[in-house]
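Trainee: just the structure for this:
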Amino acid sequence: TGRAWRRGARVKACLVPAAGCRSALGGTAEARTRVAVAVALEMAITAAAAVAVELWWLLGAVLYYHASELALVVWLTPEELDAQSLLVTRQYVLAMLVGLAEFWVEDALAPAWRRSVRAVALPLGLALMLAGDTIRKAAWLTARHAFTHRIKVARRAHHTLVTHGIYSWCRHPGYLGWLLWSVGTQVLLSNPVCAVLFAAVAWRFFADRIPFEEYYMYAMFGEDFIRYKARTPTRIPWIP
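Mentor: Numbering: from 1, shown residues only. Sure thing, here's the model as predicted:
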């Protein structure tokens, strides 16, 4: 608008040390700095408001997830602490970038559709992420020192077969929680393609990892593990 243009022109002029501005700003560098800071803050607020609300929720959830995983490693298994404790791999970053690409493409090509499904997709995605993270954290806090990011192939001195708490309901709650959380990130973004892809890739990963891990669990705990496995499902579809 004409008024906005004139207001912007006045601000721009006041950032330049000219005789006309000295009368309006007191003729000091401090005054011009205050104007520059105010303009920068206004631009930052405008830019933040332009970012879709889904991305702010996603950013907060992802930061919390990784920070809490790191905190639990430091608290319960500090001997396992290293760069991998953040659970940020090249494959993970690539997957998240693909999800963001789908979000931006669909937002550009079908903004009306995205707005129409946001009211359902956003709370549903958050609910899946919350449920998944709660299940995973419950597994951490139940297994405590026995919960690690790496599969153990030999029994440690304090390593016991955990069968109580959430482990009495689900044989691999950490994996189930991650599956729900990862799919929830894409449901939150209203990404139908990536939601299916994330579910399929995570399922394939756990379908390979669980038998590999349970081979060593049987080697460590013998018949106790066989009985536990017989009575406790994974709760992951098509992985008994």
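
Trainee: so which residue is dead centre in this protein?
Mentor: Centrality entry for the chain: nearest residue to the mean C-alpha point is Val62, 2.3 Å, by Cα atoms, centre = their mean.

Trainee: ok, that one - contacts?
Mentor: When the contact criterion is Cβ atoms under 8 Å, 6 or more residues apart in numbering, the partners of Val62 are 96, 185. Bear in mind the C-beta positions are built from the backbone N, C-alpha and C, glycine included.

Trainee: again with Val53
Mentor: Neighbour list for Val53: 118, 122 [criterion: Cβ under 8 Å, 6+ apart].

Trainee: distance of it from Pro192?
Mentor: Applying Cβ to Cβ, to the nearest Å, one obtains 19 Å for the distance of Val53 from Pro192.

Trainee: same thing with Phe198?
Mentor: Between Phe198 and Pro192 the computed distance is 11 Å (Cβ to Cβ).

Trainee: now do the longest helix along the chain: which elements does it pack against?
Mentor: With DSSP state H applied, the helix covering the greatest number of residues in the chain is identified as helix 111-143. Using 3 or more Cβ pairs under 8 Å, 6 or more residues apart in numbering; DSSP states H and E as the contact test, the elements touching helix 111-143 are helix 53-76, helix 90-109, helix 173-188.

Trainee: just put those helices in CSV and tack on mean pLDDT and distance to Phe205.
Mentor: Putting those into CSV (pLDDT from 0 to 100; distance: least, Cβ to Cβ, whole Å) gives the following:
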stretch, mean pLDDT, distance to Phe205
helix 53-76, 95, 17
helix 90-109, 95, 10
helix 173-188, 98, 9
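
Trainee: now, of these, which is deepest in the fold?
Mentor: By mean neighbour count, with neighbours taken as mean count of other Cβ atoms under 10 Å, helix 173-188 ranks first of those at a mean of 24.

Trainee: what angle separates it from helix 53-76?
Mentor: Computed by axes from the mean of the first three to the mean of the last three Cα atoms, to 10 degrees, the angle separating helix 173-188 from helix 53-76 equals 160 degrees.

Trainee: chain center to helix 173-188: distance?
Mentor: Taking the mean C-alpha point of helix 173-188 and that of its whole chain, the gap between them comes to 9 Å (Cα atoms, centre = their mean, to the nearest Å).

Trainee: so which elements touch that helix?
Mentor: Identification of packing neighbours for helix 173-188 by 3+ Cβ pairs under 8 Å, 6+ apart yields helix 53-76, helix 90-109, helix 111-143, helix 192-221.
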